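A.B. asks: Fold the following and give me the result.
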Amino acid sequence: MIDRAHPLPDSVRAWAEQAQLRLRHRGPDGQQCVSLMDGRCLLGHLRLAIIDIEGGAQPISNEDGTVWVVCNGEIYNYLELREKLVQQGHRFSTRSDTEVLVHLFEQKGTALLDDVEGMYAFAIVDSRKGQIFLARDRFGEKPLYWAPIHDGHGLAFASELKALLPLENVDHTLDVAAMAQFLALGYIPAPRTHLKGVSKLRAGEAIVFGPGSQHRTFRYWQPEFIRSNGHRPFSQEQAIEKVRHDFREAVRLRLRSDVPVGAFLSGGIDSTLVACTMREILPNSSFTTFCASFEDEQLNEAPYAKQIAEHIGSDHHEVRFSSAELLNIFDVLIDHYDEPFADASMFPTFAVCHAARQHCKVMLSGDGGDECFAGYRQFFSYSRWHPVRRFPGINLATDHLLRHWHARWRGAGLLNFLHKNDWQLLYPEPERASTLACFQPEFQESAFEGLGELRDAALQRARLSYPLSAMEDMANGYLPEQILVKVDRASMFSAVECRTPFLDRGMFAFAASLPLDYHIAHGQGKALLRRCLPDWVPPEVRRRRKQGFTPPLDTWFRTSLRQQMEEAIENISQRIRHVIVTSRVANLYQQHLAGADRSPLLFRWLVLSRSLNSRPESALGSLQTNLPAGAAASHTFRESTI
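C.D. replies: Numbers count the residues shown, from 1 in each chain. Below you'll find the model as predicted:
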């Protein structure tokens, strides 16, 4: 926290203590606060000790104590940066990766962002200028929430929204525009939260706050795809070798740790490449792999993971759990996310992270592979039909056909694809209109504002043809706002740091510049990445289609969650009854009970209802108190009771 002109009041110390209690799960290995700038700034940090266990406590300062830093995450290239800084005359007091930030800031100011590779959310205080510099990593792996305080003269920030809730004078008014975005997407994209008084930094964004009446926010990086226009500077074989080389380097950097490092291994393309590359780099070392094992065989990837684990010789663990065990943590985990967040894979993700924590503090994951290398089905479904779809008159002709074509008849999916132009494939206007109709007339203008922001973001991607536009849209939206939020909260709840080798700046830029047919071939995505796998990987793994990590919500809403859903419909919070047309939720549920699958939308309504009534401090205590202890070679989640 910082104030431009006045010492912080005594009440800030009490808030800092509350914030540390609420964020203790993220840093159980130590905590520290320092007061700076004659009491106008307070920096606090909770530590998950991974590098320089004994000496890396934060906040950390430069040689004369004029520049201070706190950082959540890791600076992967800190050894290379440190060597250069030492040559330039800087003196280090720790072996920590975080300390390079203060010295690099002395050298380059905010331009240090050009040099840093890592996942991070950091704050650097320059007491000489009376300013604070906040930044979030390029892909958005680590979160950073902030709120204006003291009538705009001050700023408070934290890694999770729950830490800012006890602050005095923070506006808790519901943001209707953000609600509309949540109902449309299942998450709220930055910079909004569901509260008007709290914002979050975008991925690749920074803030400078100091003397004067304004703060300066700027975006220093964002993922961009490039239209190749037939230009092929690399053959496919050359591209494969470069991706292999770059990925190996990305994994090598992410193995830097003074504590054990493991890997999540589902038996899919991405996690298999991560685990195989770890074995290549660590040929004689033991490391641990973890896989989630479902009772539903259609969801169970464990046999594929076991094949890979046996070949690479990892210490492999299957985390077995049933629907009942996931439902046991349902309410509490929803509360933990603070904002409305409706990705049901948060439940198995948390379960496998909790099991992994019994063995490792650091885990490597395959997240980001789908966004970088065209892994989602919407990218490659009907890919050979794009020239036909773009032929003059085809959209109109198929639109006419669809009016007379039954949805269950063969070919309906292809016709639905052919009748849309590139913009309609990228941005589903009818779905947005349906979301707007959920709001009472007096709130539709605010809801329209939120939906308009989604449309503006899609327009930025529309310069590219489909599916490149969708790939860039995913990398800028779904990846940082849903995938990485899910992983950060689920992993850090168990004090596990999750590192993602696919989210390497250089490798992403290379992959995004390649011709589309390098990524999509023979009706499948990730064509290039499949060829990057070692030759020994069996065909049943190499050719696997993407499998989700989502529990059976469709069934749950007709059985285990039926009572909760009915109660949510009946008891929608007073905060939103006057905002929402509640009959639409009831109608949606009746459609689901009649046989239609409305589970994704129903889950959003259930989450929204609970999010607006939850108390995060009680949720934290409940889940942490009742988590099962220990994990055997075959870990079970049955001991958890909420």
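
A.B. asks: which residues touch the residue in the chain sticking out farthest from the centre?
C.D. replies: The C-alpha centroid of the chain is most remote from residue 404, which lies 41.5 Å away (Cα atoms, centre = their mean). Applying Cβ atoms under 8 Å, 6 or more residues apart in numbering to residue 404 gives no contacts. Using the backbone N, CA and C atoms, a C-beta is placed for each residue, glycine as well.

A.B. asks: How about residue 488?
C.D. replies: By Cβ under 8 Å, 6+ apart, residue 488 lies in contact with 141-143, 498.

A.B. asks: Tell me which helix or strand it sits in.
C.D. replies: helix 484-492 (DSSP states H and E).

A.B. asks: Show me what the helix or strand following that helix is packed up against.
C.D. replies: The first helix or strand that comes after helix 484-492 along the chain, using DSSP H and E, is strand 497-499. Judged by 3 or more Cβ pairs under 8 Å, 6 or more residues apart in numbering; DSSP states H and E, the packing partners of strand 497-499 are strand 67-75, strand 362-364, helix 484-492.

A.B. asks: mind redoing it with 7 Å?
C.D. replies: Strand 497-499 sits against strand 362-364, helix 484-492, with contacts defined as 3 or more Cβ pairs under 7 Å, 6 or more residues apart in numbering; DSSP states H and E.

A.B. asks: Please pull up the helix or strand immediately following it.
C.D. replies: By DSSP H and E, the next helix or strand past strand 497-499 is helix 505-513.

A.B. asks: before we move on, back to that, buried deepest among the helices and strands packed on strand 497-499, which one?
C.D. replies: Comparing those by mean neighbour count (mean count of other Cβ atoms under 10 Å), strand 362-364 ranks first with a mean of 26.

A.B. asks: burial of the nearest residue to residue 502 once chain neighbours are set aside, as a residue count?
C.D. replies: Nearest non-adjacent residue to residue 502, counting by Cβ to Cβ, 6 or more residues apart in numbering: residue 368, 3.5 Å away. Counted by other Cβ atoms under 10 Å, the residues lying close to residue 368 total 23.

A.B. asks: in terms of contact, does residue 368 touch residue 501 like I think?
C.D. replies: No - assessed by Cβ atoms under 7 Å, residue 368 is found out of contact with residue 501, at 8.1 Å.

A.B. asks: To residue 262, which of the helices and strands packed on strand 497-499 lies closest?
C.D. replies: In terms of Cβ to Cβ, the element of these nearest to residue 262 is strand 362-364, at 5.1 Å.

A.B. asks: What lies in contact with the closest one?
C.D. replies: 50, 251, 254, 257, 259, 261-264, 274, 278, 356, 496-499, 501 (Cβ atoms under 7 Å, 6 or more residues apart in numbering).

A.B. asks: sorry, back to before: any idea which of the helices and strands packed on strand 497-499 gets closest to residue 538?
C.D. replies: Closest of those to residue 538 is strand 362-364, at 21.8 Å (criterion: Cβ to Cβ).

A.B. asks: what angle sits between the helix or strand hosting residue 239 and helix 505-513?
C.D. replies: In this structure, residue 239 sits in helix 236-254 according to DSSP H and E. Orientation check (axes from the mean of the first three to the mean of the last three Cα atoms, to 10 degrees): helix 236-254 against helix 505-513 gives 150 degrees.

A.B. asks: Look at residue 266 and tell me its secondary structure.
C.D. replies: Put simply, residue 266 is coil when judged by DSSP: H, G, I helix; E, B strand; the rest coil.
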